[in-house]
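J.: predicted model follows, preceded by the sequence.
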Amino acid sequence: MKVRVMPSERDRHPEEEQLEGYAMGTLSGTEAAALEQHLLGCGECRRRLDDTVEYVTAMRQAAARFRLESRSGEPGNFLSRFGWRLRNALASLLRRPRRF
């Protein structure tokens, strides 16, 4: 007979949405505190958070560059410029060596 052990709250890893919310500063104080408590003991989730922070930072930088260029009146199609920047930002993240 197998006994199924339910994971404790501390053993549960956060979902990607929680990591993204933390990286963007949109979690409530209680949610952020619970995530920080988990991060203290979980190297895997700290690495996942590092990757998420890099992604959020790259997207914010791409959006900021796009806002500056669109104000300058540069010619070009919005979607093609945005797509090009998004592909370059993602390619840059994928080229970085993964830390395990």
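T.: Arrived safely. Please read all numbers here as calculations on a predicted model, not as lab measurements.

J.: most residues in a single helix of the chain, which one?
T.: The helix spanning the most residues in the chain, taking DSSP state H as the definition, is helix 43-71.

J.: now that one: buried residues?
T.: 45, 48-49, 52, 55-56, 58-59, 62 (16 or more other Cβ atoms under 10 Å). (Each C-beta comes from the backbone N, C-alpha and C, glycine too.)

J.: elements contacting the helix or strand just after it?
T.: Of the helices and strands lying after helix 43-71 in sequence (DSSP states H and E), the nearest is helix 78-95. In terms of contacts (3 or more Cβ pairs under 8 Å, 6 or more residues apart in numbering; DSSP states H and E), helix 78-95 is packed against helix 43-71.

J.: can you give me how far stretch 51-64 is from the chain middle?
T.: 8 Å (Cα atoms, centre = their mean, to the nearest Å).

J.: name the residues that touch it?
T.: 16, 19-20, 22-24, 82, 85-86, 89-90, 92-93, 96 (Cβ atoms under 8 Å, 6 or more residues apart in numbering).

J.: apply 10 Å and report the result again.
T.: 16, 18-25, 45, 81-82, 84-86, 88-90, 92-93, 96, 98-99 (Cβ atoms under 10 Å, 6 or more residues apart in numbering).

J.: just the buried ones from those?
T.: Neighbour-count burial (16+ other Cβ under 10 Å) applied to the contacts of stretch 51-64 gives 18-23, 45, 81, 85, 89.

J.: what is the most widely separated pair among those residues?
T.: Largest separation among those by Cβ to Cβ: 45 and 81, giving 34.9 Å.

J.: contacting residues for residue 85?
T.: 58-59, 61-63, 65-66, 69.

J.: closest to residue 33 out of those residues?
T.: residue 59 (25.5 Å).

J.: any idea how far residue 24 is from the closest one?
T.: Look at residue 59 and residue 24: by Cβ to Cβ, to the nearest Å, they are 10 Å apart.
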